[in-house]
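Asker: below are the sequence and a predicted model for it; my questions follow.
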Amino acid sequence: MLTTSAIASSGPKTATPPPDAARGATADLCDVFLTDPVDIVTERKVQIMDPIFQNYGGNARFKGQAATVKCYENNPLVRKALEEQGDGRVLVVDGGGSKRCALLGDNIAEMGHKNGWTGIIINGCIRDSEDINKMPLGVKALTTYPLKSSKRDLGLRDVPVTIAGVTVKAGDWIYADRDGVLVSAEELKV
């Protein structure tokens with residue numbers, strides 16, 4: 001009669017491959033840069049946003065330095081930011097978590113893509129999700145809502161924003177994919 005240990009030892013031997021952080025997957029980056037056990041209280045250089053976002057856009061994985069906007073139910077600074085050359089950056093928008101209107105639609109998202117932004121993270125809603133899903137751009141938002149935002153209050157640009165349990169400053173590095181969003185003050189070089 002075979003014992004459990006005999007069965008386990010007689011099976012094929014497969015080694016777990018080491019994490020490949022070079023591909024930029026958030027899970028692999030966590031394996032390399034967040035090596036402390038999760039239940040140990042410590043100051044971490046890499047923060048993980050709470051899992052509150054839905055994935056939109058054609059690029060599920062994106063990274064870049066952050067530019068920030070703080071606004072509430074008004075998107076003039078979102079448009080203004082995405083009108084600029086993105087140079088591979090990620091726009092992080094603290095929309096206060098409002099689900100009463102959308103801060104991003106297909107026209108502004110397309111402008112961002114054409115201007116070289118790699119991603120947009122919105123603590124709020126987007127609209128035109130079917131069209132945004134076809135764009136080669138990473139987009140994360142709480143959900144969709146068909147009503148556009150107001151344009152009366154500009155909001156603030158390139159100020160620290162706190163969303164999903166993490167404070168993001170302009171210039172921080174953002175790494176995002178379907179598994180989550182990482183934030184680091186320094187580029188995570190592998």
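Answerer: Perfect, I can see it now. Numbering: from 1, shown residues only.
Asker: beta-bridge partners for the nearest residue to residue 127 once chain neighbours are set aside, please?
Answerer: Counting by Cβ to Cβ, 6 or more residues apart in numbering, residue 102 is the residue found nearest to residue 127 once chain neighbours are left out, at 3.8 Å. For the C-beta atoms, the positions are set from N, CA and C on the backbone; glycine is no exception. Beta-bridge pairing for residue 102 (DSSP bridges): residue 125, residue 148.
Asker: enumerate every residue touching residue 102.
Answerer: By Cβ atoms under 8 Å, 6 or more residues apart in numbering, the contact list for residue 102 reads 124, 125, 126, 127, 144, 145, 146, 147, 148, 149.
Asker: and for residue 56?
Answerer: Neighbouring residues of residue 56 by Cβ under 8 Å, 6+ apart: 126, 129, 132, 133, 139, 140, 141, 144.
Asker: from the residues you listed, which land in helices?
Answerer: Under the assignment DSSP state H, those contribute 129, 132 to helices.
Asker: drop anything exposed from the contacts of residue 56.
Answerer: Buried members of the contacts of residue 56, scored by 16 or more other Cβ atoms under 10 Å, are 126, 129, 132, 139, 140, 141, 144.
Asker: tell me the mean pLDDT over the helix or strand encompassing residue 167?
Answerer: Following DSSP states H and E, one finds residue 167 within strand 166-168. Strand 166-168 shows a mean pLDDT of 98 in the predicted model.
Asker: and the next helix or strand past it?
Answerer: For strand 166-168, the succeeding helix or strand toward the C-terminus, using DSSP H and E, is strand 173-177.
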